[in-house]
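*Asks:* Sequence first, predicted coordinates after that:
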Amino acid sequence: MIFVAFDFIFAGCGGLLLGFSLSSEQRLRQSPTVDNVAQNLLLGQCPLTAGVVNSIFIFVTFLLSLPALFLPTNRGWLRAQGWLVVFCATFTLGLGLAIWVETLQTRSNLSNIWARETPLIQSLLQQKFNCCGYFNSTAPPFVQDNLCINSLVAAQKGGCIGQFSSFANKYLDLIFTAAFGIVGIDSVLVLCVAMVLNWRQEQERYRHIDEKNGLGGL
């Protein structure tokens with residue numbers, strides 16, 4: 001029953017991964033606003049397409065596990081499921097590590113993102129974090145808008161690097177922590193598969209012993 005429970009939790013993780021990836025891609029197509037501009041810039045750096053592919057592998061693995069559930073003496077399907085779960089866990093771990101590495105270089109990465117964005121996006125970021133410019137109001141120059149109306153005001157507000165970096169780290173931490181959590185569930189499922197496989201192997205051995213003793217495999 002524990003094996004069955006974690007098998008369905010495993011499928012649920014695939015649904016969570018697929019839902020997050022598709023909803024994030026949909027959000028990226030929306031017009032930028034103060035509320036979504038920072039999240040969208042960060043999501044644009046995440047491997048969302050790879051997340052969709054990973055979720056498809058998870059669903060395929062779950063479907064292949066169904067024969068193992070309904071065939072109580074079969075071990076071939078269990079072995080196939082075990083190896084596929086290991087593959088899915090490795091895939092998910094790779095995605096989580098890719099995002100985690102991004103957090104190790106947050107400031108330099110955000111600097112590059114800021115530099116290549118349009119003045120409209122930079123202005124929205126300034127309004128969101130109540131700041132002017134990235135490092136400060138002059139390097140790179142701030143975008144003049146309703147918040148940063150002149151150089152004096154911009155100098156008093158300070159740059160966005162601190163607030164933007166803090167926001168990015170917290171947001172990306174949630175994403176890669178969730179990915180590592182899915183890997184943890186995959187690991188438990190692999191252990192469950194191994195234990196069920198071992199139990200079925202023992203049952204098969206006892207059946208052969210009973211047949212040799214003339215008990216008809218009871």
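*Replies:* It's in. Numbers count the residues shown, from 1 in each chain.

*Asks:* Report how many residues lie close to residue 83.
*Replies:* Residue 83 has 13 neighbouring residues, counting by other Cβ atoms under 10 Å. Just so you know, the C-beta spots here come from the backbone N, C-alpha and C atoms, and that holds for glycine as well.

*Asks:* now it: how far from residue 68?
*Replies:* Distance from residue 83 to residue 68, counting by Cβ to Cβ, to the nearest Å: 13 Å.

*Asks:* Need the overlap of contacts for the two.
*Replies:* Common contacts of residue 83 and residue 68 (Cβ atoms under 8 Å, 6 or more residues apart in numbering): none found.

*Asks:* Export stretch 178-194 to PDB, keeping only CA atoms.
*Replies:* Output in PDB follows, covering the C-alpha atoms of stretch 178-194 (Å, rounded to 0.1, in the frame of the first residue of the first chain):
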ATOM      1  CA  ALA A 178      10.400  22.100  -4.800                       C
ATOM      2  CA  ALA A 179      12.400  20.300  -7.400                       C
ATOM      3  CA  PHE A 180      14.700  18.700  -4.800                       C
ATOM      4  CA  GLY A 181      11.500  17.700  -2.900                       C
ATOM      5  CA  ILE A 182      10.300  15.900  -5.900                       C
ATOM      6  CA  VAL A 183      13.600  14.100  -6.200                       C
ATOM      7  CA  GLY A 184      13.200  13.000  -2.500                       C
ATOM      8  CA  ILE A 185       9.800  11.500  -3.300                       C
ATOM      9  CA  ASP A 186      11.300   9.700  -6.400                       C
ATOM     10  CA  SER A 187      14.000   8.300  -4.100                       C
ATOM     11  CA  VAL A 188      11.400   6.900  -1.700                       C
ATOM     12  CA  LEU A 189       9.500   5.400  -4.600                       C
ATOM     13  CA  VAL A 190      12.700   3.700  -5.900                       C
ATOM     14  CA  LEU A 191      13.100   2.100  -2.400                       C
ATOM     15  CA  CYS A 192       9.500   1.000  -2.400                       C
ATOM     16  CA  VAL A 193      10.000  -0.600  -5.900                       C
ATOM     17  CA  ALA A 194      13.100  -2.400  -4.700                       C
END
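
*Asks:* can you pull the buried residues of it?
*Replies:* Going by neighbour count (16 or more other Cβ atoms under 10 Å), the buried part of stretch 178-194 is 178, 179, 180, 182, 183, 185, 186, 188, 189, 190, 192, 193.

*Asks:* how far is stretch 98-108 from where the chain is centred?
*Replies:* Averaged C-alpha coordinates place stretch 98-108 at 15 Å from its chain's average position (Cα atoms, centre = their mean, to the nearest Å).

*Asks:* CA-only coordinates of it in PDB, if you can.
*Replies:* C-alpha atoms of stretch 98-108 as PDB (Å, rounded to 0.1, in the frame of the first residue of the first chain):
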ATOM      1  CA  ALA A  98      20.500  24.400 -12.900                       C
ATOM      2  CA  ILE A  99      18.300  26.800 -11.000                       C
ATOM      3  CA  TRP A 100      20.400  26.500  -7.900                       C
ATOM      4  CA  VAL A 101      23.500  27.500  -9.800                       C
ATOM      5  CA  GLU A 102      21.700  30.600 -11.000                       C
ATOM      6  CA  THR A 103      21.200  31.700  -7.400                       C
ATOM      7  CA  LEU A 104      25.000  31.500  -6.800                       C
ATOM      8  CA  GLN A 105      25.500  34.200  -9.500                       C
ATOM      9  CA  THR A 106      22.400  36.300  -8.800                       C
ATOM     10  CA  ARG A 107      23.900  39.700  -8.900                       C
ATOM     11  CA  SER A 108      26.000  39.300 -12.100                       C
END
